[in-house]
Each structure stands twice: as structure tokens, then as C-alpha cells.
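In: just need the structure, nothing else, for what follows:
(one chain, ligands or ions: 2)
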Amino acid sequence: MAIRVHDTLSRSIKPLVPREPGIPYRMYCCGPTVYGPAHIGNFRTFLIQDVLRRTLQMDGLEVRHVRNITDLDDKTIYRSQETGVPLHEFTEKWTHKFHDDCAALNLLPPHVEPSAVEHIPLQIAMVEKLIANGHAYKTSDGSVYFKIHTCHDYGKLSHLNLDALRTQETNSAGVANDADEYERESVSDFALWKARKPSDGPNFWPSPWGDGRPGWHIECSAMSTHYLGETFDLHGGGIDLCFPHHENEIAQAECATKEKGFAAHWFHTMHLMVDGAKMSKSLGNLYTLDDLRTRGATPMAVRYALISGHYRSQLNFTLKSLADAGAALSKIERAAERLLARCGLERADFAPLSIPEKNTTWGEFQGAWDMLLDDLNVPGALGRLFSALTKVNSPERTPAQARADLSGLGNLLYALGLVLFTGNPDENAGAEAEIPAEVAALGERRWAAKQARDFATADTLRIELGKLGWKSLDRKDGYVLERLED
Ligand code: AMP
Ligand code: ZN
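Out: Ligands and ions are numbered 1, 2, ... in the order given. The predicted structure follows:
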């Protein structure tokens, strides 16, 4: 049975099958903007894409996965200038950090990871095609814009009604807008090439239209089609990218190739929220992997917590959910150890590191695997996994059944990317669990407010902590939460 997942373009659940038989399943995912450490929201999206890729592979498909590095946009340029570090050095540092975090979270590396700055000629070539096809125009300052009214189905991904938008006062369709990111209410002709500005500092490149740099959206259209072909199987990203980034990617690619279809399937991940709110530095609820590791969490527990919600629903992350993830992993480890013993094997023998053979056995874990095939239902699969774990260690299972169960468990964990016996999540989770989640979150927000020199907020949060019977002892580079004495 082929895996089926939701497609934003057709608004329906569709099977994932290669467009051309005999060639790999080709997927492109928008990668990180490397101007700081990735946060756990970014990792939710990358991890879900990783589970999708693993599930496709486990289902017998050969997959070709391309994920770009955005190292050339407003954010990377401005942040590198702010810190006084040359762009290349700056983005290289954050790309390395991203790779380290990915390895810790057991993300499979993409087959190609193209950098925007290393593919400028490719982007210029696509802009030239768009001008030649009548879809783009040059402005007097030497910038080039995409003329959205020449693209008859512009808006098809995010289901915009372009005619209605044209009549809205807030709409700036037909007006050139050089921002990389904007809201759907301000649909506009967007920049394909941005003429050099003093604020770009030394970051400009030559082009037929003068010195400047590519707009943000063009890198993904140019690099995805270069590495995967003009039409490929699936394109993924977080839901925030649907408009304008993905909409513009489609317009650029399809108008450059004279309407050959671009990605056949659009796979969007809903956002991760933290403590019920959108993540932001000012709220003090923005976590990186390092933040959670310093609090004692293992990367595997973080992985478990971030994949455990359905990709089509927002996931609310709390420190409690992280502690629960650690405890759940420990439970799986204990059951796996009993199963191994029944099969006369040891921990070291349980290393589902590679893709298992076709026609592998699933034993009691068949139901969990079916859940993954059905709209990548990870929470459903985890539910079935736990019910299977209670059955597999019953004395009635024959040795042959136990071996099938063990193979099924290994396969399932491979698809989820969960590696057992890599630490002791329970122990770490236990330390965390002693501090109630609400208290831990308050402590975190207070510390962030203090770091941001927002002493009024920090003080209010200190009082709230006190009401719950806790205080924060501040050190030079961190804090410790302690119970107030009676
Ligand atoms: P960026 O580094 O901002 O370019 O984002 C990298 C990926 O993370 C993109 O696919 C975004 O859509 C995704 N993303 C950003 N914020 C969140 C979030 N809070 N939850 C899930 N995915 C996110
Ligand atoms: Zn992209």
C-alpha cells in the first residue's frame, strides 16, 4: 500500500508514488535560514519531513531528497553586517551548528544540500528566462520584478482570489515590493533581483541588470528544478512558507518552463507552539536544541516530543511534554529489552540502522506501520506501538512470533528515526519532572526577560513564581529554581 498524505494544492489526501516509474521519488524541502541556531519549531518541520522520507524508503521507494541552505537573504545579510562578520564566515558557522543539531536529532542528511550563494548564476539564468517569457520587468534602479498578473493561476496554492484582491484597498498587486516576506493581504509583484543598496555592504554580485543580489524566492525554484528536474514529486515546508514563498516558487518555476508543472504534491507542516503561544524571543519561550539539552533532555527525547503530534495539527510543546517523551522512550526501551531477551539477543544486537529488506515482517507492529502509511499519523502509530508492546511480551507468543515482533519494532523505530539505548531519558526526565512544567516555563521566561533587560516583566514573573512557592537563584550564566522555604 502506498503512503498517502495531504496535498495543499488539491486540498486532498493523495498517494505518494513516483511520477515516473523506475526513477527515485524526488522531494525538495525548504531548508534553514542560517543566521542563528535553528529553533525547535524549525526542527519539528525538518523531523516530520525526515519521518516522511524514512517511511517512503521503508515502503520500498528510492528517495532523492534535496534541502537547501538559505545563506543569502535580508536576514543573513543584515545579521552578518550587524555582527561585523563576513557573510560567508557568518553563514558557515550557523550551517555547521545546524548540521550538528541534525546529527544529534538523527535526521538523515539530504542527498544534496545546495547553498543559495553558491548558485547565483543559476538564479540569474532563471530570471533571464522570465524576462524573455514576458513575466518579469526591470525597474529604473536595476532591480527585476515578477509581474504576477501575467501568471494566470497565481494564488492557486494558497487559494487566493486574485481578482478580489485587485479591488481591495490594501492590495498592492501591480506594485513592486522588495520585501522577502509579506502577508497575503499585500500581494504584490515580488523581487527576482534586488539592485545593490548601501545596506547590503560588500554583499553584491554582477548581473545583466547591474550589481545586486537575487530575491529570496528564486533560489528554491532554481535549485529544486536544477537538482530534481522541472517537474518533481513533492515539495515540503512549514505552513508559514505557503504564502508568499511557495506561491512565488510555483509562479517562477512554471512561468520559466512555460507552464510545465512544478511540484506535484505540496506537503505543509503546521506550526509548533510553546506553552500555548507562538514562539518568540520576547516571550522567552523560544527553545533551541541546546536550551533543552542544558535542561537535561536527551536529543532522542526532543525528537520524540517534536514528532509526536500529527503534522496537520499545531503541536503544543511544553517542558512537561518533553519529560513525558523521555519517560515514553524508557518504556519502549524496557519492553524492547524483554523482547530481545526472548529472542536470545542483547541490546547491541538491536541496531535498526539501515533500511530493512522488502517483505519484512511487522508482527504485532503492523497496525502501527499502517498508521504511518495513512496520512503519516505519528500519534496513531505511537498509540499502536504501545498497545503492541503490552502484547509482545505475553508468554503466549511463540519464538517465531517474537522474532517477527522484534523485526517489526526495529522497522517502526527506524521509520520514526528513534534510536534506543542512547542515554537515560527517564533519569533526565525525572530531574526535570521534579520542577512542575508551569514553574519551569515561568523560570525560563523570567530569565529571558532579565537577559533582555526587561526588568519590569522579570519582576512580575518573579512574583508569579513566588505565588507557586518557587524562587529563582540567578548565577552569572544561568539560574536555578528552588522551592521557597516555609
Ligand atoms: P527558516 O529557517 O525560518 O527558513 O525555517 C526553516 C523551516 O522551519 C521552514 O520550513 C519553516 O516553515 C519552518 N518553521 C518555522 N517556524 C516553525 C514553527 N514554529 N513550527 C514548525 N515549523 C516552523
Ligand atoms: Zn524555499
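
In: pull the number of nearby residues for Asp240.
Out: By the criterion of other CB atoms under 10 Å, Asp240 has 15 neighbours. Where you see a C-beta, it was placed from the backbone N, CA and C, and this is true even at glycine.

In: before we move on, what about Ile148?
Out: Neighbours around Ile148, by other CB under 10 Å: 23.

In: okay, it: pLDDT?
Out: Note on Ile148: pLDDT of 91.

In: my read is that it contacts Val187, right?
Out: Yes - counting by CB atoms under 8 Å, Ile148 touches Val187, with 6.9 Å between them.

In: how is the chain divided into domains?
Out: With domains defined by automatic domain parsing, the chain comprises 18-269, 274-416, 435-483.

In: any idea of the mean pLDDT in the shortest one?
Out: pLDDT averaged over domain 435-483 equals 79, rounded to a whole number.

In: quick one: residues contacting the residue of the stretch 351-486 of the chain found nearest ligand 1.
Out: Of all residues in the stretch 351-486 of the chain, Val378 sits closest to ligand 1, at 14.3 Å by CB to the nearest ligand atom. Shown in contact with Val378 (CB atoms under 8 Å, 6 or more residues apart in numbering): 48, 51, 307-311, 371-372, 416.

In: try Gly363
Out: 388, 392, 401-409.

In: out of the residues you listed, which sit inside helices?
Out: Among the contacts of Gly363, the subset assigned to helices under DSSP state H consists of 388, 392, 401-409.

In: please convert those to JSON lines, extending it with pLDDT, distance to Pro18 and neighbour count.
Out: Output for the ones in helices among the contacts of Gly363, formatted as JSON lines (pLDDT from 0 to 100; distance: CB to CB, whole Å; neighbours: other CB atoms under 10 Å):
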{"residue": "Ala388", "pLDDT": "96", "distance to Pro18": "31", "neighbour count": "21"}
{"residue": "Val392", "pLDDT": "93", "distance to Pro18": "34", "neighbour count": "22"}
{"residue": "Gln401", "pLDDT": "94", "distance to Pro18": "35", "neighbour count": "17"}
{"residue": "Ala402", "pLDDT": "93", "distance to Pro18": "36", "neighbour count": "21"}
{"residue": "Arg403", "pLDDT": "90", "distance to Pro18": "32", "neighbour count": "18"}
{"residue": "Ala404", "pLDDT": "92", "distance to Pro18": "29", "neighbour count": "20"}
{"residue": "Asp405", "pLDDT": "94", "distance to Pro18": "31", "neighbour count": "25"}
{"residue": "Leu406", "pLDDT": "92", "distance to Pro18": "31", "neighbour count": "23"}
{"residue": "Ser407", "pLDDT": "91", "distance to Pro18": "26", "neighbour count": "19"}
{"residue": "Gly408", "pLDDT": "93", "distance to Pro18": "26", "neighbour count": "24"}
{"residue": "Leu409", "pLDDT": "94", "distance to Pro18": "29", "neighbour count": "27"}
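
In: farthest pair within those?
Out: Ala388 and Arg403 (14.6 Å; CB to CB).

In: name the helix or strand for the residue in the stretch 201-350 of the chain positioned nearest to ligand 2, please.
Out: In the stretch 201-350 of the chain, the residue found nearest to ligand 2 is Cys220; the distance is 3.2 Å by CB to the ion. Cys220 belongs to helix 218-228 when elements are defined using DSSP states H and E.

In: what's in contact with that helix?
Out: The contact list for helix 218-228 (CB under 8 Å, 6+ apart) reads 26-28, 30, 64, 66, 68, 70, 72, 112, 114, 116, 119, 122-123, 125-127, 192-193, 232, 235, 245, 249, 252-253, 256-257, 262-263.

In: show me how to select, in ChimeraX, the buried members of those.
Out: Restricted to buried positions by 16 or more other CB atoms under 10 Å, the ChimeraX selection for these reads:
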select :26,27,28,30,64,66,68,70,72,114,116,119,122,123,126,127,192,193,232,235,245,249,252,253,256,257,262,263
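
In: out of the contacts of helix 218-228, name the ones that lie in strands.
Out: Mapping the contacts of helix 218-228 onto strands (DSSP state E) picks out 26-28, 64, 66, 192-193, 232, 235, 263.

In: which residues does the residue in the stretch 51-200 of the chain positioned nearest to ligand 1 bridge with?
Out: The stretch 51-200 of the chain approaches ligand 1 most closely through Thr70 (5.6 Å), counting by CB to the nearest ligand atom. When assigned by DSSP bridges, Thr70 has beta-bridge partners Thr33.

In: can you pull the contacts of it?
Out: When contacts are counted by CB under 8 Å, 6+ apart, Thr70 touches 30-34, 76, 116, 216, 219.

In: can you name the residue of the protein nearest ligand 1?
Out: When distances are taken as CB to the nearest ligand atom, the chain reaches nearest to ligand 1 at Gly238, 2.1 Å away.

In: need the pLDDT of that residue.
Out: Reported pLDDT at Gly238 in the predicted model: 97.

In: hang on, isn't it packed against Phe43?
Out: No - using CB under 8 Å, Gly238 is not in contact with Phe43, being 10.7 Å away.

In: show me where the stretch 201-350 of the chain has helices.
Out: For the stretch 201-350 of the chain, the helices defined by DSSP state H, counting those that start in this stretch cover 218-228, 247-256, 289-294, 299-307, 319-342.

In: for stretch 20-27, the averaged confidence score.
Out: Confidence for stretch 20-27, expressed as mean pLDDT, is 92.

In: quick one: residues in contact with that stretch.
Out: Here stretch 20-27 makes contact (CB under 8 Å, 6+ apart) with 16-18, 49, 52-53, 56, 61-66, 228-229, 232-236.

In: is any residue of it near ligand 1?
Out: No - residues of stretch 20-27 are not located near ligand 1 by CB under 6 Å from any ligand atom, the shortest gap being 13.1 Å.

In: may I see the buried residues of that stretch?
Out: Those would be 24-27, for stretch 20-27 by 16+ other CB under 10 Å.

In: what of stretch 141-148?
Out: By 16+ other CB under 10 Å, the buried positions in stretch 141-148 come out as 142-148.

In: can you give me the offset of it from its chain's centre?
Out: Remark: stretch 141-148 is offset 30 Å from the chain centroid, using CA atoms, centre = their mean, to the nearest Å.

In: let's have the chain start at 418 instead
Out: Done: numbering now begins at 418, and the last item shifts to stretch 558-565.

In: contacts for it, please.
Out: With CB under 8 Å, 6+ apart, stretch 558-565 has contacts from 544, 547-548, 551-556, 571, 579, 590-591, 593, 595, 604-613, 626-629, 665, 668-669, 672.
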